[in-house]
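Q: Sequence and predicted structure, then a few things I'm wondering about:
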Amino acid sequence: MIFDNTSDPHQGQPILEKGKNLEDAAAAVILVHGRGASAQSILTLAGEVDRPEAAWLAPQAANYTWYPFSFLAPIEQNEPGLTSALGLLSELVARVEEAGLPKDKIVLAGFSQGACLSLEFAARNPARYGGVVALSGGVIGPELDDARYSGDMAKTPVFLGCSDHDHHIPEERVHESAALFERLGARVVKKIYPGLGHTINEDEIGHFRNIMDGVIERS
């Protein structure tokens, strides 16, 4: 078993923070780590993006895994981890808003499993966010079910970056995810990198910085 016998495995897990306090920040980034990684490891992206005006929040998954199987597995096979993880992101967004930063100052970002989770959360909860940054990820499920997603992203900038040959993320799902967000009214930038593999490159960091700069400049 990946999780203990609980309906909400990620509830009560640590939330690591870096940068400004929420009350003093020009933007907030919710950084979501990948399978087998940690909140501490994904926080290294805060240093690479290097926008000290922001507050960075990184939730920790129970047993280092947000959901047990591939993001392409039937949704029910990844429960209760998936619902618990999406609920935790919802709680973090609410926490940031309560501190005085509206959704259009919040950037949802993640790598691998964390990118999939960030995209799925945004697609299920469309709004004008500060941005969505998906590094090697796609919307969750064995097939992309348009009926599950409705609403308006109101020109939220969304960046999807992935290798053309990624053992975890099929390129076709990246294209499908980009098309979904365009249908939801986001401003989508999609980059497919030949031979990159399952990692992050400097060009992707540049796109992340551009989204952050757009949020900070509106402060």
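A: Okay, I see it.

Q: Break down this protein into its strands, ranges please.
A: Listed in chain order, the strands of the chain (DSSP state E) span 15-19, 27-32, 54-59, 106-111, 131-135, 157-163, 187-193.

Q: Enumerate every residue touching the residue nearest the centre of the chain.
A: Nearest to the mean C-alpha position of the chain, by CA atoms, centre = their mean, lies residue 118 at 2.6 Å. Residues near residue 118 by CB atoms under 8 Å, 6 or more residues apart in numbering: 30, 32, 89, 108-110, 132-134, 137. Using the backbone N, CA and C atoms, a C-beta is placed for each residue, glycine as well.

Q: show me the contacts for the residue nearest to residue 216 when sequence neighbours are not counted.
A: What sits nearest to residue 216 in space, not counting adjacent residues and going by CB to CB, 6 or more residues apart in numbering, is residue 26, at 4.7 Å. Taking CB under 8 Å, 6+ apart, we find residue 26 in contact with 20, 53-54, 105, 215-216, 219.

Q: of the residues you listed, buried ones?
A: Neighbour counting over the contacts of residue 26 (16 or more other CB atoms under 10 Å) leaves 20, 54, 105, 215-216 as the buried ones.

Q: and those residues, which two are the farthest apart?
A: Spanning the widest gap among these are 20 and 215, at 12.9 Å by CB to CB.

Q: residue ranges of the helices in this protein, please?
A: 39-42, 44-49, 81-98, 113-124, 171-183, 202-217 (DSSP state H).

Q: right, so of these, which gets closest to residue 9?
A: Here helix 81-98 is closest among the helices of the chain (CB to CB), at 5.2 Å.

Q: What's the mean pLDDT across the closest one?
A: Mean pLDDT, computed over helix 81-98, is 98.

Q: let's have the chain start at 463 instead
A: In the new numbering, first residue 463, that becomes helix 543-560.
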